[in-house]
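Asks: predicted model follows, preceded by the sequence.
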Amino acid sequence: MTKILIVGGVAGGASAAARARRLDEQAHIIMFERDQHISFANCGLPYHISGDIEDYDALLLQTPQSFNQRFKVDVRVNNEVISIDRRQKTIMVLDRISGQQYQENYDKLLLSPGASPFIPPIDGIKNPLTFSLRTLDDMSQIIDLIKTNKINNATVCGAGFIGLEMVEALAANNINVNLVEFAPQVMPSVDIEMAQPLQQELIKQGVNVHLNTALIAVTHHDSSLSLILSDQSTITTQLLIMAVGVRPSSGLAQDAGLTIGITGAIKVNQQMQTSDPDIYAVGDAIEVNHFVDLHPSHIPLAGPANRQGRIAGENMLGGDVQYQNSQGTAICKVFDLAIGSVGLNEKQLLARNIDYTKIYLHAPSHANYYPGATPISLKLIFCPHSAKILGAQAVGQQGIDKRIDILSVAQRAGMTVDQLKDLELSYAPPFGSAKDIINQAGFVASNVLNKSMPIIVPDQLFPEQQECIIDIRNPGELAKLGTIKNAINIPVNTLRARVAELPKDQPIIVVCQVGLRGHVATTLLRNLGYDAINLTGGFKTWCQFNYETVQICTEHTKNNHKN
């Protein structure tokens, strides 16, 4: 009979225990959890604070009693594993209620301790009005404080997933929210231009957004805090949520002499084994290889943790299942918008010196003629040599999950970007378009790869240096939205009649609203012998970069381009 000890529950540990029991009814399985809950929906915590999930018990996926009844697992809550003796194959456990310690031996040991919120060493940060959000107890304390202190002003430090979800949860409680982020953008896990709509949405919802700003000191005054920021400004707040990231809980493994990876997480192989073949590890505490380039990465997500737990549960009983690396597929709701991503972002690709090409597309979430369609902005990044998908990001109100999931499957299947045009996706006017934005991405990528449609990206366009930029939108659009500096306006429907105004001895940058009319115009001009290049994603993407815009150019400026 195999004796399996599991340190930590929630996604990884509970999945491992369940899988092990399904494979071996005789195995002796003990699960240790330092807190009182073994399996809860930690991703749902902000939504209980907001009131979207009304029932607290809905967050409890399993209790110790129900888990034991279903899987015959000895669940010991409020029991913390404090050390591992690998030579004797024993662990030392602290009963946090009685204070007593005891020992258990094992045949196989699984570590699933998760990750802990990172709290920077800021002067005054330890006070009764500052919280992180990782457990049910954290959630309950925040809710109690909101009710008892009648909170009407709060601050969230960190604009990642938890930070943004907490901003929305606090706003749902009619609380004025300040958001402080050290990076120059919200949601640092995506590229800055794709995060720009989120920032606009936050401001629209009344959130005070402080970017490029760090929290450097906190002073506690009874029922409020004074926050000193790096720009020397001060915020007075009644509640502070610290959401600046998490760190893998790898201390127990490190003390036991197990190998720790370059990310500070526990290093494991594809079978989820640590450097000790009888000790496995899963979840937010481990380092995995990224699917795109096999680079060691810390990717704390619930989906991967569940799969890793299942694999470990099988392998501890003699199996040989391998984990197939992590893509980092994720999505976040921010008021009326959603932001999703898969694979590597542009910042990561640059840091890892990986060659790439990127395109931008904007299209409706479903057929435009059917009521309720909303815009989707998509960034697709791919290898210019192999055409493999390196990463993608999408933002919009509807259909973001669908598109990112399609691209996640395509990436894992090894599809090339030009193959996206051949995907047969379900279509009816309320749900999609006959030519979905994913198909459109395939068409655009194919044209880029075969060099039939040269493109330029906004961050490579320098209006001061570019000799000829034409904006082919209608004058009314330019009057309402503006244009790029030094651009001249030649509406696409008049382009054939006015081509003589354009030079043939220099590149012509074609700009429209989202890139579609630009494709038509660029093709026309190239067929007539002009060196035309389309601005991918058009003027809308230019604006997402927060670049300068101006009003429509005068006739005098246009004549200067002709001379």
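Replies: Arrived safely, thanks for sending. Numbering: from 1, shown residues only.
Asks: any regions of this protein where pLDDT drops low?
Replies: For the chain, the stretches with pLDDT under 70 are 553-563.
Asks: which residues in the stretch 151-300 of the chain form helices?
Replies: 161-172, 192-204, 251-255 (DSSP state H, counting those that start in this stretch).
Asks: redo those as a markdown table? Include mean neighbour count and distance to Ile331.
Replies: Glycine gets a C-beta too; all of them are placed from N, C-alpha and C. Shown next, in a markdown table, are the helices of the stretch 151-300 of the chain (neighbours: other CB atoms under 10 Å; distance: least, CB to CB, whole Å):
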| stretch | mean neighbour count | distance to Ile331 |
| --- | --- | --- |
| helix 161-172 | 24 | 9 |
| helix 192-204 | 20 | 12 |
| helix 251-255 | 17 | 30 |
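Asks: out of these, nearest to Asp74?
Replies: Comparing the helices of the stretch 151-300 of the chain by their distance to Asp74 (CB to CB), the top pick is helix 251-255, with 19.9 Å.
Asks: so what does that closest one touch, helix or strand wise?
Replies: strand 79-85 (3 or more CB pairs under 8 Å, 6 or more residues apart in numbering; DSSP states H and E).
Asks: and the most centrally placed residue in the chain, how far from Asp405?
Replies: Nearest residue to the geometric centre of the chain (CA atoms, centre = their mean): Ala330, 4.7 Å. Look at Ala330 and Asp405: by CB to CB, to the nearest Å, they are 11 Å apart.
Asks: just to revisit the earlier point, export the helices of the stretch 151-300 of the chain to TSV and tack on distance to Ile84?
Replies: Output for the helices of the stretch 151-300 of the chain, formatted as TSV (distance: least, CB to CB, whole Å):
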stretch	distance to Ile84
helix 161-172	30
helix 192-204	41
helix 251-255	7
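Asks: figure out which of these is closest to Gln100.
Replies: Nearest to Gln100, of the helices of the stretch 151-300 of the chain and by CB to CB, is helix 251-255 at 19.1 Å.
Asks: so the residue nearest to Ser83 when sequence neighbours are not counted is in which element?
Replies: Using CB to CB, 6 or more residues apart in numbering and skipping the chain neighbours, the partner closest in space to Ser83 is Met92 (4.4 Å). Here Met92 is covered by strand 90-95, with elements defined by DSSP states H and E.
Asks: and if you look at Ala373?
Replies: Using DSSP H and E, Ala373 falls outside every helix and strand.
Asks: residues touching it, list them.
Replies: Contact analysis of Ala373 by CB atoms under 8 Å, 6 or more residues apart in numbering lists 364-367.
Asks: then Gly432?
Replies: Residues counted as contacts of Gly432 (CB under 8 Å, 6+ apart) are 365-367, 399, 425-426.
Asks: over to Pro128?
Replies: By CB under 8 Å, 6+ apart, the contact set of Pro128 is His220.
Asks: so Ile389 belongs to a strand, correct?
Replies: Yes - counting by DSSP: H, G, I helix; E, B strand; the rest coil, Ile389 is located in a strand.
Asks: any idea how far the helix or strand hosting His362 is from the chain center?
Replies: Using DSSP H and E, His362 sits in strand 357-364. Offset of strand 357-364 from its chain centre (CA atoms, centre = their mean, to the nearest Å): 18 Å.
Asks: adjacent strands (with direction) for it?
Replies: strand 375-382 (antiparallel) (DSSP bridges).
Asks: and the partner strand with helix 192-204, angle?
Replies: 160 degrees (axes from the mean of the first three to the mean of the last three CA atoms, to 10 degrees).
Asks: ok now strand 375-382, how far from the chain's centre?
Replies: That offset, for strand 375-382, works out to 14 Å (CA atoms, centre = their mean).
Asks: and stretch 101-110, by the same measure?
Replies: Centroid displacement of stretch 101-110 relative to its chain, using CA atoms, centre = their mean, is 36 Å.
Asks: over to stretch 423-441?
Replies: How far stretch 423-441 lies from its chain's middle: 24 Å, per CA atoms, centre = their mean.
Asks: cool, and stretch 29-38?
Replies: How far stretch 29-38 lies from its chain's middle: 29 Å, per CA atoms, centre = their mean.
Asks: buried ones in the helix or strand that the strand holding Met92 is followed by?
Replies: Using DSSP H and E, the helix or strand that directly follows strand 90-95 along the chain is strand 101-105. By 16 or more other CB atoms under 10 Å, the buried positions in strand 101-105 come out as Glu104.
Asks: and strand 101-105, which strands flank it?
Replies: strand 90-95 (antiparallel).
Asks: show me what contacts the closest residue to Val186 other than its chain neighbours?
Replies: Nearest residue to Val186, sequence neighbours excluded (CB to CB, 6+ apart): Ala159, at 3.9 Å. If a contact means CB under 8 Å, 6+ apart, then Ala159 has 167, 179, 181, 183, 185-188, 209 as its contacts.
Asks: which ChimeraX command selects the buried ones in these?
Replies: Provided next is the ChimeraX selection string for whichever of the contacts of Ala159 are buried by 16+ other CB under 10 Å:
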select :167,179,181,183,185,186,187,188,209
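Asks: closest to Thr536 out of the contacts of Ala159?
Replies: Of all the contacts of Ala159, Gln185 has the smallest distance to Thr536: 20.3 Å, by CB to CB.
Asks: wait, Val444 sits on Leu361?
Replies: Yes - counting by CB atoms under 8 Å, Val444 touches Leu361, with 6.5 Å between them.
Asks: shared neighbours of those two, which are they?
Replies: Shared contacts of Val444 and Leu361, counting by CB under 8 Å, 6+ apart, come down to Gly515.
Asks: the strand or helix carrying Leu109 pairs with which strands?
Replies: Assigned by DSSP H and E, Leu109 belongs to strand 108-111. In the sheet, strand 108-111 lines up against strand 3-7 (parallel), strand 279-281 (parallel) (DSSP bridges).
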